[in-house]
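Enquirer: give me a model of this one.
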Amino acid sequence: MPTTPATAANSAPHGTGTQEPIMLELVDESGNTIGTAEKLSAHQAPGLLHRAFSVFLFDEQGRLLLQQRALGKYHSPGVWSNTCCGHPYPGESPFAAAARRTHEELGLSPSLMAEAGTVRYNHPDPDSGLVEQEYNHLFVGLAQAALRPDPEEVADTAFVTPGELEKRHAEVPFSAWFMTVLDAARPAIRELTGDAAGW
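Expert: Alright, predicted model coming up:
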């Protein structure tokens, strides 16, 4: 593992002026908190099961907001994924973390954001050797304001219909976890967007 990605993975968010390790909340198979671990160590094979979140935001036309992860990311750089994903700080509620990170990454505060269940998965990343061993809290909501993406987090964004997503997914790389979290969130997505949107 190169030093730079390891340093980036464990340093505090840019602009904080500190280099304290980022800690994640470890959980059991039922989602109960059992401890904490540094971010990088939690993602090193075989991975430690930890709490995460995934956000799916839609515009008024029922199109899903995707983001392309910045090329400087230590994990899955440059791939497309859902609106926002990340990890709560220990003791932080997944809902608060999801709203916080969506604003930090995209300059957008979600509207009508609601819980959409949880999904547990184990996705190795062959390029980095890291493992996503996560108990993931899902959220759906609306994007009703202009985007102001942070270029250190987000390379690009796009609103897509189901048909456009299918085409894009076949042509460009997506995160290993994308289809898992999308499929798990579909019932709540359909409730939010209506059957006519096609999700």
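
Enquirer: show residues contacting the longest strand seen in the chain.
Expert: For the chain, the strand that runs over the most residues, judged by DSSP state E, is strand 111-124. Outside strand 111-124, the residues that touch it by C-beta atoms under 8 Å, 6 or more residues apart in numbering are 29, 31, 45, 47, 49, 55-57, 95, 98-99, 130-144, 176-177, 180-181, 184-185, 187-189, 192. Using the backbone N, CA and C atoms, a C-beta is placed for each residue, glycine as well.

Enquirer: please apply the same query to stretch 82-94.
Expert: 22-25, 33, 36, 39, 50-57, 64-67, 96-98, 100-102, 105-106, 136-137, 139, 143, 175, 177-178, 181-182.

Enquirer: low-confidence ranges in the chain?
Expert: 1-19 (pLDDT under 70).

Enquirer: mind listing what's buried in stretch 71-81?
Expert: 73-76, 79-81 (16 or more other C-beta atoms under 10 Å).

Enquirer: ok, the residue nearest to Pro94 when sequence neighbours are not counted - contacts?
Expert: Leaving aside its sequence neighbours, Pro94 sits nearest to His137 (C-beta to C-beta, 6 or more residues apart in numbering; 3.8 Å). By C-beta under 8 Å, 6+ apart, His137 lies in contact with 51-54, 94-95, 98, 115, 118.

Enquirer: how about a cut-off of 7 Å?
Expert: 53, 94, 118 (C-beta atoms under 7 Å, 6 or more residues apart in numbering).

Enquirer: that one bridge partners, please.
Expert: Phe53, Thr118 (DSSP bridges).
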